[in-house]
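Undergrad: turn this into a structure:
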Amino acid sequence: MRFTGEIVMNRQSPSDPKMGDEPARVLFIPQAKEATTSERTPMLLRTLKERHDVIGLSAPWDRILYDPSRAKWLRALLYPVDKAVLGIRGILLARRRGAGIVFCETAHHALAGLFVAKILGIRCVWDSHGNGVLFYRSLGKGPLSIRMITWLERFLGQRVDVLVTVSPIDAEAYKGLGLSPSKIRVLPLCVRLSDIDLAVGTPTPPEDGSETPILLFFGSFRYEPNLEALEFVNDVLAPSLERNGVRCEIQIAGRDIPPMAFHPLVRPIGFVPDIYGCIRSATLCIVPVRRGVGVLTKVLDSMAVGTPLVLTRFAADGIPDLRPGVHAYVAGSDEDFLRAIERALTNDGERRAMADAARRLVERRFDWDSYLPQLEAIIDGSSAVPEGAGA
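TA: Below you'll find the model as predicted:
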């Protein structure tokens, strides 16, 4: 049996008044699994398939190529082969299905997507998820790596029809690479509040404080900044809370939690299908991530569910509208992070007020439905940019 990786998704609501008369036919790279969080790629894919005819192109080698536990030589060898194969499969699939636009997630998939678009003479949209140069610098990558990602992003940005990114900071970084502002669009990371409220209901205060408080840290632990944060939680935060007599349990949820000797206060629970329910049951969500790029999905998910947050300064800076002491506890050092947790656990009213304010902020600025006109303008190729969509 010949494997093509083709997954065809038809529009689910033909009578949706938000859609135009003729849906676009979109080749989406890569095909993504359904997710119960607000991860950007599954959310975009789901949104597009509700309004257009979408053909998903799977990228089965991604789990090898972007797994840092794999040998570097193997990943370096497979990378160009994977992009060539992905591009050829994309051309065949797009031609067969009559795609008129290629929508690519991240720079690596945009390499193959741009090849498809140029060969077939169709439009190419690259959703970068954030400026790669900023990200590499935050990770402390060497000069060679930074030069390579700079070249790659400039190469792609000069040739795609639209470059989508997640924040004005990232947009300015792309302008700094010499890319035309006219092709840069900002679609911030968002949540779909209607889905979250349907899953867990609207935020309500906890019934009482008799049970052991739960601190929740969740994410994918193949992501280096998350792994570093987990080590901080296990090696520094948990022992400090124990020494100070703080009664709590720190739950770690997500994929690829590494095997390690966990502190008695730390309980790894692995992948959780209902992450919103897990967030709701937590007393606090903690985000001790210190580096990366863009807005952290886990922050918006926690704000949307209505669970109070303790954040590092880096995690808070991803949301310029977030105000320390109003929407979340924000810590500038390890010691501040510990003190913020202790304060939050002993001030029920204060942490509930912050959670309520954070939820209202998401309702005003980060509900995905409010950005649908911008996404439609990108797909339609409209030269007019709806308010809030431009860089």
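
Undergrad: so Ile250 makes contact with Leu237?
TA: Yes: using C-beta atoms under 8 Å, Ile250 is in contact with Leu237, at 7.4 Å. Yep, even glycine has a C-beta here, placed from its N, CA and C like the rest.

Undergrad: need the residues touching each of the two.
TA: Taking C-beta atoms under 8 Å, 6 or more residues apart in numbering as the contact rule, Ile250 and Leu237 both touch Ile286.

Undergrad: quick one: low-confidence parts of the stretch 201-350 of the chain?
TA: For the stretch 201-350 of the chain, applying pLDDT under 70 flags the ranges 201-210, 294-295.

Undergrad: the same query, at a cut-off of 90, please.
TA: The stretch 201-350 of the chain contains residues with pLDDT under 90 at 201-211, 220, 222-224, 255-256, 272-274, 291-297, 317-320.

Undergrad: the strands in it, which residues?
TA: Under the criterion DSSP state E, counting those that start in this stretch, strands of the stretch 201-350 of the chain are mapped to 214-218, 249-253, 266-270, 284-287, 309-312, 329-331.

Undergrad: what packs against the second one?
TA: Strand 249-253 is packed against strand 214-218, strand 266-270, helix 275-281, with contacts defined by 3 or more C-beta pairs under 8 Å, 6 or more residues apart in numbering; DSSP states H and E.

Undergrad: domains in this structure, by residue range?
TA: 6-190+368-380, 194-365 (automatic domain parsing).

Undergrad: redo these as a markdown table? Include mean neighbour count.
TA: Converted to a markdown table, the domains of the chain look like this (neighbours: other C-beta atoms under 10 Å):
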| stretch | mean neighbour count |
| --- | --- |
| domain 6-190+368-380 | 18 |
| domain 194-365 | 18 |
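
Undergrad: may I see the strands of the stretch 201-350 of the chain organised as a markdown table, with distance to Ala110 added?
TA: Formatted as a markdown table, the strands of the stretch 201-350 of the chain follow (distance: least, C-beta to C-beta, whole Å):
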| stretch | distance to Ala110 |
| --- | --- |
| strand 214-218 | 28 |
| strand 249-253 | 31 |
| strand 266-270 | 32 |
| strand 284-287 | 28 |
| strand 309-312 | 30 |
| strand 329-331 | 34 |
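
Undergrad: Leu361 falls within a strand, correct?
TA: No: under DSSP: H, G, I helix; E, B strand; the rest coil, Leu361 sits outside any strand and is assigned helix.

Undergrad: residues in contact with it?
TA: By C-beta under 8 Å, 6+ apart, the neighbours of Leu361 are Met303, Ile319, Asp321, Leu322, His327.

Undergrad: what's the closest of those residues to Gly140?
TA: Each of the contacts of Leu361 was scored against Gly140 by C-beta to C-beta, and Ile319 proved nearest at 23.5 Å.

Undergrad: the closest one is in contact with Thr297, isn't it?
TA: No: using C-beta under 8 Å, Ile319 is not in contact with Thr297, being 11.4 Å away.

Undergrad: give me the element Glu172 is part of.
TA: Element membership for Glu172 (DSSP states H and E) is helix 168-176.

Undergrad: pLDDT of that helix, averaged?
TA: Helix 168-176 shows a mean pLDDT of 93.

Undergrad: how distant is that helix from the center of its chain?
TA: 18 Å (C-alpha atoms, centre = their mean, to the nearest Å).

Undergrad: list of residues touching it?
TA: Contact with helix 168-176 is made by 128, 130-131, 133-134, 153, 157, 163, 165, 181, 184, 186, 293-294, 391, as judged by C-beta under 8 Å, 6+ apart.

Undergrad: CA atoms of that helix as CSV?
TA: Provided in CSV are the C-alpha atoms of helix 168-176 (Å, rounded to 0.1, in the frame of the first residue of the first chain):
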residue,chain,number,x,y,z
PRO,A,168,5.2,42.9,17.9
ILE,A,169,8.6,42.2,19.4
ASP,A,170,9.1,39.3,17.0
ALA,A,171,7.8,41.4,14.1
GLU,A,172,10.4,44.1,14.8
ALA,A,173,13.1,41.4,14.9
TYR,A,174,12.1,40.3,11.4
LYS,A,175,12.1,43.9,10.2
GLY,A,176,15.6,44.0,11.6
